[in-house]
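Engineer: Structure for this input, please:
(chains A and B)
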Amino acid sequence: MSTFEKIQNILLDVFNNPSLEISEETSAQDIHEWDSLAQINIIIAIESEFKIKIALGEIDKLRNVGDIVLLVDSKS
Amino acid sequence: MLFHSYEFILLFLPITFAGFFILSHFHAGNAGKMWFIAASLFFYSWWDIAYLPLLLSSITFNFFIARQIKQCESETRTKKWLLLIGISSNLALLCYFKYMDFFIANSNEVFGTTFQLMDLALPLAISFFTLQQIAFLVDVYEGLTEEKSFLNYMLFVSFFPQLIAGPIVHHRELMPQFIKDENRFVNHRNIAIGLFIFSIGLFKKIVIASQFDTSLASLYASYSDGADILLLDAWLMSVGYYLQLYFDFSAYSDMVIGIGLMFNINLPTNFNSPLKATSIVDFWRRWHITLSNFIRSYLFTPLLRLYKKPSFNYALIVSFFAMLIMGIWHGAGWNYVLFGTMHALAVVVHTIWIKFRIKCHKYLGWFLTFNLVNLSLILVRAPTLDQAFSIMQGMVGGVNMSSFDQYTTDPMHAVFLATIVLLSIALVLYSSNAMELKDKFKPNIFFLCATVFLFLCPLFYSNDTTEFIYFQF
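Structural biologist: Residues are numbered from 1 along each chain as shown, chains lettered A, B, ... in the order given. Below is the predicted model of the structure:
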């Protein structure tokens, strides 16, 4: 599974909605439930899945799914 | 020094601009930076040079702590302690100047102590350079950035466009721009766009915000005897102030970005038409964006992450606390505590609605958000809590429908104020904001004329030199 696909699964899980359309351009604006709390749950899940650590200062810069993929790949 | 004053526009800015570009054009080293730092410190001292040592000490201390943190090999205890000392020292300084008298007064009231009030003036910009440096310390700790040069660090903190009232900028966003070689040279396009955005801000401050200020001053004064506030007057006092603050802060944010651009520096957007917000969370992602980001990144997130699997209820508590802190950051006083509490409750309610998928139509969301913000800002503007509640009472007050002067003490004035209120709201909702115009900018006659018009209007309109409201926070 690619990084993007793993992240996609995490998002579908966090939002508890298997029918969501997620692409690299998907951002918090596109998903109503993607608030600060969801953001943290996503980060926690990603850190656990990929065995990486994301800094506080890095979380806010993640504008869309594509940014998350880039960040994860840069740390793996 | 105020961006909209003659001394800034006609003397300080051109001189700083000329000096910086002449020096950095011919010399790739530190001459340009030193000139900029000198100008920034002069800019800060213009308000009161007695506080310059405070700013310099804060900068020196934080630079030193950051170097020590960087020198730690890994996640040692020393490193954690250094960060803790750094953050708490910054916060202690801020709390001392900002909240000491509030604590003393309340202690005297509640515990019967008899401490003397210290009557401390709030040093200009302390609320901002404190947060900016705390963010820097955390970023250094996490390995996201570092600064070896004291000169560079001083430039980062004291950079005059954002020194006094933000935006709160990250070192890793600002520093690379100072170092970039092509930014040493005058860029005509940047100057043109910078002037255009600056002029928009100037117009907003002098023509719009000041108009509200003068109109409201007389209205508030007319009720200073504590009489019951009439319905229309109460609504004008609240919505009028909301719009005054709105245009004041919007103006400041525009002028900062405009000035930064003239120097080839891109500063972050701090204001994005918050009047269009359809929820309280949307509002805080548009109003004082860098403050919300700071609270979210460096307070909300670490608190939430104290637990491996933060429960929803815990998240609500943290959200409430973070928003309360955001409110209290604005000032020391029970009005600010109440202000923060209102926003905190609104965010909690919003989070619950999201969780339980309760749908709220966009227009209803807009309406609720507008009214909540409007109501909460009365607490900021009214001279006393009593008058704040008086205004709120007036807003829902009983009315005698038979005559117009049951609504207002001064019908002519009320109609005038109501008109500019409605026009301002329409302007925000139906036209592009400054950042959107920035993207549409083309170096043509239209934009040139617009810039000249926006720039000259204030000159003929009034010679207002009141401070930006955000300087007081």
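Engineer: Identify each buried residue in stretch B:74-90, please.
Structural biologist: Neighbour-count burial for stretch B:74-90 flags B:79, B:82-83, B:86-87, B:89-90 (criterion: 16 or more other C-beta atoms under 10 Å in any protein chain shown). Glycine gets a C-beta too; all of them are placed from N, C-alpha and C.
Engineer: meant to ask about stretch B:384-392, not that
Structural biologist: For stretch B:384-392, a neighbour-count test (16+ other C-beta under 10 Å) marks B:387-388, B:390-392 as buried.
Engineer: likewise stretch B:5-13?
Structural biologist: Applying 16+ other C-beta under 10 Å to stretch B:5-13 flags B:8-9, B:12-13 as buried.
Engineer: what's the first-to-last distance across it?
Structural biologist: Across stretch B:5-13, the terminal residues are separated by 11 Å (C-alpha to C-alpha, to the nearest Å).
Engineer: residues contacting residue A:53?
Structural biologist: Contact analysis of residue A:53 by C-beta atoms under 8 Å, 6 or more residues apart in numbering or on different chains lists A:47, A:75.
Engineer: so how far is the longest helix anywhere in chain B off the chain centroid?
Structural biologist: If you go by DSSP state H, chain B has its longest helix at helix B:77-111. Centroid separation for helix B:77-111 versus its chain: 22 Å, with C-alpha atoms, centre = their mean, to the nearest Å.
Engineer: That one near chain A anywhere?
Structural biologist: No: using C-beta under 8 Å from any C-beta of the partner chain, helix B:77-111 stays clear of chain A, coming no nearer than 11.6 Å.
Engineer: and the following helix or strand past that helix, is it in reach of chain A?
Structural biologist: Per DSSP states H and E, the first helix or strand lying C-terminal to helix B:77-111 is helix B:126-141. Yes: shown here: helix B:126-141 in contact with chain A (C-beta under 8 Å from any C-beta) through B:135, B:138-139.
Engineer: now do stretch B:420-435
Structural biologist: No: contact of stretch B:420-435 with chain A (C-beta under 8 Å from any C-beta) is absent, the minimum separation being 16.0 Å.
Engineer: that older thread, can you give me the angle the longest helix of chain B makes with helix B:126-141?
Structural biologist: Interaxial angle, helix B:77-111 versus helix B:126-141 (axes from the mean of the first three to the mean of the last three C-alpha atoms, to 10 degrees): 150 degrees.
Engineer: gap between stretch A:68-76 and the chain center?
Structural biologist: Distance of stretch A:68-76 from the chain centroid (C-alpha atoms, centre = their mean) equals 11 Å.
Engineer: average model confidence for it?
Structural biologist: For stretch A:68-76, the mean pLDDT works out to 91.
Engineer: picking that back up, from the buried residues of stretch B:74-90, pick the one nearest residue B:298.
Structural biologist: residue B:87 (9.0 Å; C-beta to C-beta).
Engineer: thought the closest one was touching residue B:137?
Structural biologist: Yes: contact criterion C-beta atoms under 8 Å: residue B:87 and residue B:137 qualify, at 6.3 Å.
Engineer: where's residue B:83 relative to chain A, distance?
Structural biologist: As judged by C-beta to the nearest C-beta, to the nearest Å, residue B:83 and chain A stand 12 Å apart.
Engineer: hang on, I meant residue B:245
Structural biologist: 25 Å.
Engineer: residue contacts, that residue?
Structural biologist: B:377, B:380-381, B:469.
Engineer: at 6 Å instead, please
Structural biologist: residue B:469 (C-beta atoms under 6 Å, 6 or more residues apart in numbering or on different chains).
Engineer: helix or strand for it, which one?
Structural biologist: According to DSSP H and E, residue B:245 maps onto helix B:231-262.
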